[in-house]
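> Need a 3D model of the sequence below.
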Amino acid sequence: MHGEVWRLITPIFIHFGVMHLVFNMMAMWDLGRLIESRRSTAFYLLFIVVLGAGSNLVQFLLTQSPFFGGMSGVLYGLFGYIWMQGRTNPRFGIILTQQTIVMMLGWFVLCWVGVLGSIANWAHTGGLLIGVAWGYLDKR
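As a prediction, this is how the structure comes out:
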């Protein structure tokens, strides 16, 4: 709000513990390489910035708190993009397994119901919605 636009993206670099960082980076590796190999490195990096800024903005606007961090909003966006591309774009060449979809959505629900403690659920939701919409609309 005061011209510090980098604050839209910096929460993706903050993690609350080693396991938080490790699991986020493992998922980033798995999901990210699928998109980068089918699109381009430039698309992938731009997509990370858009997902990070979008999911963080949703989290901040709906909670009015700047105290959150992690890559999960981006990860849910990557997941949503791959999921929709696999369902709607045969040229994409990847269809996520039912087990992957159930695991990601199951984790999403566990976070929302509070089983896992304080989670940036609006960032997850914002990232997922951006990724699903982009994946559905991208017909390259």
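
> hey, which helix is longest across the protein?
Secondary structure of the chain per DSSP state H: the longest helix is helix 41-63.

> what does that helix contact?
8-9, 11-12, 32, 35-36, 39, 66, 68, 71, 73-74, 76-78, 81, 120, 122-127, 130-131, 134 (CB atoms under 8 Å, 6 or more residues apart in numbering). Every residue, glycine included, has its C-beta placed from N, CA and C.

> Any chance you could give me that helix in CSV, C-alpha atoms only?
Once non-C-alpha atoms are left out, helix 41-63 reads as follows in CSV (Å, rounded to 0.1, in the frame of the first residue of the first chain):
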residue,chain,number,x,y,z
THR,A,41,11.5,-21.5,-18.1
ALA,A,42,10.2,-17.9,-18.7
PHE,A,43,6.6,-19.0,-18.5
TYR,A,44,7.3,-21.0,-15.3
LEU,A,45,9.1,-18.1,-13.6
LEU,A,46,6.3,-15.6,-14.6
PHE,A,47,3.7,-18.1,-13.4
ILE,A,48,5.5,-18.4,-10.0
VAL,A,49,5.4,-14.6,-9.6
VAL,A,50,1.8,-14.4,-10.6
LEU,A,51,0.7,-17.2,-8.3
GLY,A,52,2.9,-15.9,-5.4
ALA,A,53,1.6,-12.4,-5.7
GLY,A,54,-2.0,-13.5,-6.3
SER,A,55,-2.2,-16.0,-3.5
ASN,A,56,-0.4,-13.7,-1.0
LEU,A,57,-2.7,-10.8,-1.9
VAL,A,58,-5.8,-13.0,-1.3
GLN,A,59,-4.4,-14.1,2.1
PHE,A,60,-3.6,-10.6,3.2
LEU,A,61,-6.8,-9.0,2.0
LEU,A,62,-9.0,-11.7,3.6
THR,A,63,-7.1,-11.9,6.9
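
> Among the contacts of helix 41-63, the buried ones, what's the ChimeraX command?
Buried residues among those (16 or more other CB atoms under 10 Å), as a ChimeraX selection:
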select :8,9,11,12,32,35,39,68,71,73,74,76,77,78,81,120,122,123,124,125,126,127,130,131,134
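
> just checking, what packs against the helix or strand Gly86 falls within?
In the assignment (DSSP states H and E), Gly86 maps to helix 72-88. Applying 3 or more CB pairs under 8 Å, 6 or more residues apart in numbering; DSSP states H and E, one finds that helix 72-88 contacts helix 18-38, helix 41-63, helix 98-112, helix 121-137.
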